[in-house]
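*Asks:* need coordinates for the following:
(2 chains)
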Amino acid sequence: MEICDLTGKEIVQKIKKKELSASETVRHYLARIEKIEPSIAAFNEIFADDAAARAELLDARINRGEETGLLAGLPIAIKDNICINGRKTTCSSRILADYVSPYDATVIEKLLTAGAVIVGKTNMDEFAMGSSTENSAFHITKNPWDTSRVPGGSSGGSAAAVSSRMVPVSLGSDTGGSIRQPASFCGICGLKPTYGRVSRYGLMAFASSLDQIGPFAYNAEDVALVLESISGHDPKDSTSVNISAEGMGEGMEKSIKGLRVGLPKEYFISGLEPATEKYIRSAIETFKDLGAEIHEITLPNTEYAVSVYYIVAPSEASANLARYDGVKYGYRSDSDNLADMYEKTRSNGFGNEVKRRIMLGTYALSSGYYDAYYLKAQKVRALIKNDFDRAFAEVDVILTPTCPSSAFKAGEKTDDPLQMYLSDIFTISCNLAGICGISIPCGFSESNLPVGLQLLGKPFDEKTVLRAVYNFQSVTDFHRKKPL
Amino acid sequence: MKISVKEVEYAAQLAKLSLTEEEKRKYAEQLDKILGYMEQLDRADVSGVRPLSHAADLKNVFREDVSMPSESADEIIKNAPDKEGRFFKVKKVIE
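*Replies:* Got it, this is the predicted structure:
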């Protein structure tokens, strides 16, 4: 058995017991990156020397008998919108191509305290705007299951890196599905934590009321391990909440007999790809066999989610991205006067999708349209949140497909932004309502593409969601299948 | 049409973006389609509904007014596209 066939938890246990060294582990993964990365292009930057040096340092500490954290020696990849001190943070944008972060994001500080080894920064849709990673200003990332297809997005690089076993775990960010949709397309687990669970300090802001950092991994235990390591209140992010994630991975093996699983009728629509429908239905049977109670529920305002999201998120983005003006950092276009410099910098520095969303958000917030778009969207957002509050009074978790279909072909949706937006239809509500959600693999289509199942949970009840996943994965082996 | 080329020009001006004629035409067409889809929101009954700006169950978050270390100015200025000493440098603002 190779090191990359082990789960993250197994690797950490072996390193702590000195059956495996952190250096050996990192060398193994760096060798895999060297072999696989040219055909997948998941990374923007790889820190081979630093990762090897850090692993040696950790080995020395372990050999001295010093206490190491939850992630001792575990290699991890980081989405390129999360700041690492002294490293480039580009958001896969020309406007930040040479930006070097002068500080660590809180999640990075926490990962380092927990003993993780950061091996690189991963590709993404520019400023996390997109569902295919095709909006990167640098290069496209390929789906390890079929390199003619997209890995999903916006955290496509982080998902592809875990899926192809170039790292055992990674971090992404999720504003409308940017962790769960690529997890679904790449056949791995991806969790969007409850809003406020994980500090956003050092995450480059896209839509501040929706953004959340979360992990990619092979199984429920590894998701729990990383989530526990990065969670907690942070005085530098006043929206982070003081609710402990300690023991997130404990008690997952407990039976889910009697667990109330809701199936929202609005998510089982006629447009579902047949393979998706088939495997979601068979997963429901598996949950029944495990003793779960299945309840038909309704989330009546689901149909409005895409509209609400594509007003709220671009509006917040248009304000957040105003800071990229060519003055303090990032790219600058030279010009004779200041006003012209702003316009040229932003027009040359941002890609098409980012400009489209800035325009959409600026329009929705502009005088005369504010009430019709932004205010209206905020009110419908309240209706969507109320739907979930009511549903969670009756059920413990909600089960849906993650996406209407498996991974689409590169180039298939690039000319039609609305079609691209509609591919987020099942993941968006979770962010609008601020609840938690995970995507896990639950089947493979005839052309061997992964199908993803989404479980949504109550705010700060990731533990119940992960217990349901653990139980499902203990009787199925979709999460053990490997591409390539 | 929900949005005209003229309105696209206005939004671009507010957002400090300069667009080519081709971009203006394309954005008008695409935004029109997107805004057209969003007309569905007119069906939602929001009478008496309070707008929700974020889903976190938080009120004002206060802390003691004590000084804390912040990032070093020397480190931050390193990222400036143009600088003089510890100052960001731009073209003259006032004629």
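
*Asks:* chain center to the helix or strand of chain B with the lowest mean pLDDT, what's the gap?
*Replies:* Within chain B, no helix or strand scores below helix B:73-77, which has a mean of 91 by mean pLDDT, DSSP states H and E. Centroid separation for helix B:73-77 versus its chain: 25 Å, with C-alpha atoms, centre = their mean, to the nearest Å.

*Asks:* what's the answer for stretch A:330-338, then?
*Replies:* The answer for stretch A:330-338 is 34 Å, by C-alpha atoms, centre = their mean.

*Asks:* which parts of the chain are strands?
*Replies:* Going with chain A. Ranges of strands in chain A, per DSSP state E, are A:43-46, A:75-79, A:117-122, A:169-174, A:189-192, A:212-217, A:260-264, A:293-297, A:397-401, A:436-444, A:450-457.

*Asks:* that answer is for a different chain, and I need it for chain B
*Replies:* Counting by DSSP E, the strands of chain B are B:83-84, B:87-88.

*Asks:* please identify which of the ones you listed is closest to A:Ile15.
*Replies:* For the strands of chain B, proximity to A:Ile15 was assessed by C-beta to C-beta; strand B:83-84 is nearest, at 44.5 Å. For the C-beta atoms, the positions are set from N, CA and C on the backbone; glycine is no exception.

*Asks:* ok now that closest one, how far from the chain's centre?
*Replies:* Using C-alpha atoms, centre = their mean, the offset of strand B:83-84 from its chain centre is 27 Å.

*Asks:* now it: mean pLDDT?
*Replies:* Average pLDDT, strand B:83-84: 94.

*Asks:* pull out the buried positions in the least confident helix or strand of chain B.
*Replies:* B:76-77 (16 or more other C-beta atoms under 10 Å in any protein chain shown).

*Asks:* give me the residues contacting it.
*Replies:* A:102, A:328-329, B:83, B:86-88 (C-beta atoms under 8 Å, 6 or more residues apart in numbering or on different chains).

*Asks:* swap in 6 Å and give it another go.
*Replies:* With contact meaning C-beta atoms under 6 Å, 6 or more residues apart in numbering or on different chains, helix B:73-77 is reached by A:102, B:83, B:86.

*Asks:* deepest-packed of the strands of chain A, please.
*Replies:* strand A:189-192 (a mean of 32; mean count of other C-beta atoms under 10 Å in any protein chain shown).

*Asks:* which helices and strands does it pack with?
*Replies:* Other helices and strands packing on strand A:189-192, by 3 or more C-beta pairs under 6 Å, 6 or more residues apart in numbering or on different chains; DSSP states H and E, are helix A:180-186, strand A:212-217, strand A:436-444.

*Asks:* returning to what we had before: adding mean pLDDT, write the strands of chain A out as TSV.
*Replies:* Shown next, in TSV, are the strands of chain A (pLDDT from 0 to 100):
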stretch	mean pLDDT
strand A:43-46	98
strand A:75-79	98
strand A:117-122	98
strand A:169-174	98
strand A:189-192	98
strand A:212-217	98
strand A:260-264	98
strand A:293-297	98
strand A:397-401	98
strand A:436-444	98
strand A:450-457	98
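
*Asks:* out of these, which is closest to A:Met129?
*Replies:* Using C-beta to C-beta, the strands of chain A put strand A:169-174 closest to A:Met129, at 11.5 Å.

*Asks:* roughly how far is the closest one from the heart of the chain?
*Replies:* On C-alpha atoms, centre = their mean, the centre of strand A:169-174 falls 4 Å from the chain's centre.

*Asks:* can you give me the pLDDT of the residue nearest to A:Thr113 when sequence neighbours are not counted?
*Replies:* Beyond its immediate neighbours in the sequence, the residue positioned closest to A:Thr113 (C-beta to C-beta, 6 or more residues apart in numbering or on different chains) is A:Gly69, lying 5.9 Å away. Looking at A:Gly69, its pLDDT is 95.
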